[in-house]
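A.B. asks: sequence unavailable; structure follows:
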C-alpha cells in the first residue's frame, strides 16, 4: 500500500487542473488530441522502444496477454448481450466500452508513478497492443467493415510507424546523432501530462448519468477485466513486474477515443461518452484496490 497515494494523487492532481482549464480557458481539445496522436504519443512509443530493456519474449507475452483478455471480454459481453436481448447497436457499444481501457491517458502516468521507468516500458508495450485493438479491430466491430480495411487505417497512424521505427533503431543498434535521442525523449515525456489535461477537460463537457448500460460497462471494465488479467497473466507465466503492469493497465477506465470511434463508425455515442465519465470517476475508488492486489502478486 505504500505507493498508493504517490501513484494516485499526482494523476488526480493533473486531471483536476485539466478540469479547471476546461472550465476557464477556451482551448480546443481536438487540437491537443491531434498533438497527442500525431506527435507526442508516437515520440513516447519510439523513444521507449528505442531505449527499452524488455526482452522480445517479455514483450510478446504481454501482447499475447492483451489479445487474450480482449477476446475473453468479447465473449462474455456477447453472452450477456444475448441473455439481456440487447439491440445490436447497444451490444456493439457495450463491446467497445468494455474492451478498450484508457491505458494511454491514464494508464501510463499511473504505472509511471507507481512502478517507475521499468513499469512504464511495459505499460507502453501494453498500450501498443491495445491501440491495435482500438484502431484496428474496434472499427470493424462497430461498422461491420473488414478487418483488413481496419488494419489499413491502423497502419496509417503515426503510432504504428513510430513503433516500427523504435524497434528498428533498437534491433539495428543505431545511435541517434546530435543528441536527437534526448529530444525524442523530451517529446515523449510531454505526452503524459498533456494526456491527463485532456482527460480532465473531457470530464467537464460530458454529462454524468448512470443507467443499466453504464453499470454493465463499469463492471466489465473496472472489475472483471483486472481479474481476468490476473488469471491470464498467471497462466502465461508473466514475471512479477510484467504481471503488475498487466493487471493495472487492464483495470483502467474506458478509453476516451472510444467515443470518437462510436461517432465515426457506429454506436451509441452518448452512452459511450457517459460510460467514459462514470468509469473514469469510479476508477479512483477501484484503482487503489487493484494497485494493492498487484503489489501482492
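C.D. replies: Looks like it arrived, so ask away. Computed from a prediction, not measured in an experiment: that's the story for all the values here. Numbering: from 1, shown residues only.
A.B. asks: okay, CA-based contacts and neighbour counts for the rest of this
C.D. replies: Will do.
A.B. asks: so where's the chain shaky on pLDDT?
C.D. replies: For the chain, applying pLDDT under 70 flags the ranges 1-5, 7, 135-136, 139-140, 142-151, 153-154, 207, 260-261, 263-266.
A.B. asks: in it, what residue sits furthest out from the centroid?
C.D. replies: residue 178 (32.8 Å; C-alpha atoms, centre = their mean).
A.B. asks: ok, that residue to residue 171 distance?
C.D. replies: Applying C-alpha to C-alpha, to the nearest Å, the value for residue 178 to residue 171 is 20 Å.
A.B. asks: again with residue 292
C.D. replies: Taking C-alpha to C-alpha, one finds residue 292 at 36 Å from residue 171.
A.B. asks: quick one: secondary structure of the residue nearest in space to the middle of the chain?
C.D. replies: The residue lying closest to the centre of the chain (C-alpha atoms, centre = their mean) is residue 103, at 2.3 Å. Assigned by DSSP: H, G, I helix; E, B strand; the rest coil, the conformation of residue 103 is coil.
A.B. asks: burial of residue 46, as a residue count?
C.D. replies: 29 (other C-alpha atoms under 10 Å).
A.B. asks: contacting residues for the nearest residue to it once chain neighbours are set aside?
C.D. replies: Distances taken as C-alpha to C-alpha, 6 or more residues apart in numbering put residue 166 closest to residue 46, at 4.2 Å, once the chain neighbours are dropped. Residues in contact with residue 166 (C-alpha atoms under 8 Å, 6 or more residues apart in numbering) are 45, 46, 47, 48, 49, 50.
A.B. asks: nearest to residue 269 among those residues?
C.D. replies: Proximity of the contacts of residue 166 to residue 269 (C-alpha to C-alpha) peaks at residue 45, which lies at 28.6 Å.
A.B. asks: which SSE is that closest one in?
C.D. replies: helix 41-51 (DSSP states H and E).
A.B. asks: count the neighbours of residue 114 for me.
C.D. replies: Residue 114, neighbours per other C-alpha under 10 Å, totals 22.
A.B. asks: Three-state assignment for it, please.
C.D. replies: helix.
A.B. asks: now do it against residue 220, distance only.
C.D. replies: For residue 114, the distance to residue 220 - C-alpha to C-alpha - is 24 Å.
A.B. asks: residue 203 now?
C.D. replies: For residue 203, the distance to residue 220 - C-alpha to C-alpha - is 21 Å.
A.B. asks: hmm, back to that, in this structure the residue nearest to the centre of the chain contacts residue 252, no?
C.D. replies: Yes: at 6.1 Å, residue 103 and residue 252 qualify as touching, with contact defined as C-alpha atoms under 8 Å.
A.B. asks: follow-up on the earlier one: and residue 292 and residue 171? Which one has more around it.
C.D. replies: residue 292 (16 against 11).
A.B. asks: other SSEs contacting the helix or strand hosting that one?
C.D. replies: Secondary structure assignment for residue 292, by DSSP H and E: helix 269-296. Helices and strands touching helix 269-296, by 3 or more C-alpha pairs under 8 Å, 6 or more residues apart in numbering; DSSP states H and E, are helix 4-24, helix 88-99, helix 212-218, helix 240-250, helix 257-265.
A.B. asks: now it against helix 88-99, angle please.
C.D. replies: Here the directions of helix 269-296 and helix 88-99 differ by 30 degrees (axes from the mean of the first three to the mean of the last three C-alpha atoms, to 10 degrees).
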